[in-house]
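Participant: below are the sequence and a predicted model; questions follow.
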Amino acid sequence: MMDHEKLEKSLRHLERQLANLATVRARTELTELDREAIAESVIQRFEICYDTLWKGLRRHMTEELGLPDVPVSPKPLFRLAGRNDLLPSPVDQWLRYADARIDTTHDYSGGKALDTLALAEPFWRDAMSLYQTLTGKAWQ
């Protein structure tokens with residue numbers, strides 16, 4: 001059985017930062033720099049979680065399911081995972097997550113950052129659901 005500790009840890013970190021981000025507007029003690037740092041942290045947690053997830057999904061498809069010729073990059077991997085009924089949402093949504101990951105590689109400002117922030121929570125829900133599929137454990 002595969003070890004999913006890294007994926008679980010990255011999901012928990014993203015979950016905490018999303019909760020932190022949800023309270024930003026009500027927290028008057030925060031400076032603009034603090035608010036930007038929290039948003040950037042969500043994006044960084046999204047990136048780490050995304051990378052951990054697709055690599056774990058690849059290992060699962062190779063080692064646990066024994067699928068031949070599993071792709072070594074995210075988009076084709078998500079397409080194959082979709083064909084094997086592993087994804088909790090449509091493949092197109094996972095391709096949007098992949099695009100957001102690519103877009104934030106060097107730019108945490110402007111529209112790309114806002115787009116990624118908008119996708120971070122749906123990604124977390126989908127990633128948590130996929131984690132449950134991969135591990136057979138309920139999220140707590």
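Facilitator: Perfect, I can see it now. Please read these numbers as outputs of a predicted model, since none were measured by experiment.
Participant: helices of this structure, start to end?
Facilitator: When assigned using DSSP state H, the helices of the chain occupy the ranges 5-22, 32-59, 74-83, 91-103, 110-135.
Participant: so which of these gets nearest Gly66?
Facilitator: Gly66 lies closest, by Cβ to Cβ, to one member of those: helix 32-59, at 11.8 Å. From N, CA and C alone the C-beta is placed, and that goes for glycine too.
Participant: keeping just the C-alphas, turn stretch 103-116 into CSV.
Facilitator: Extracted as CSV, the C-alpha positions of stretch 103-116 are listed here (Å, rounded to 0.1, in the frame of the first residue of the first chain):
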residue,chain,number,x,y,z
ASP,A,103,0.2,30.3,-14.7
THR,A,104,1.4,30.9,-11.1
THR,A,105,4.9,29.5,-11.6
HIS,A,106,6.5,33.0,-11.7
ASP,A,107,3.6,35.4,-11.2
TYR,A,108,1.6,35.8,-7.9
SER,A,109,0.2,39.2,-8.9
GLY,A,110,-2.6,40.4,-11.1
GLY,A,111,-5.3,38.4,-12.8
LYS,A,112,-3.5,35.0,-12.8
ALA,A,113,-3.2,35.1,-9.0
LEU,A,114,-6.9,36.1,-8.6
ASP,A,115,-7.9,33.2,-11.0
THR,A,116,-5.8,30.8,-8.9
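Participant: tell me the buried residues in that stretch?
Facilitator: Judged by neighbour count using 16 or more other Cβ atoms under 10 Å, the buried positions of stretch 103-116 are 104, 108, 112-113, 116.
Participant: now do stretch 123-138
Facilitator: For stretch 123-138, the buried set under the neighbour-count rule, 16+ other Cβ under 10 Å, comprises 123-124, 126-128, 130-131, 134-135.
Participant: ditto for stretch 55-62
Facilitator: Taking 16+ other Cβ under 10 Å as the basis for neighbour counts, the residues of stretch 55-62 that come out buried are 56-58, 60-61.
Participant: picking that back up, and the buried residues of stretch 123-138, which is closest to Val24?
Facilitator: Among those, Trp124 lies closest to Val24 (Cβ to Cβ), at 16.6 Å.
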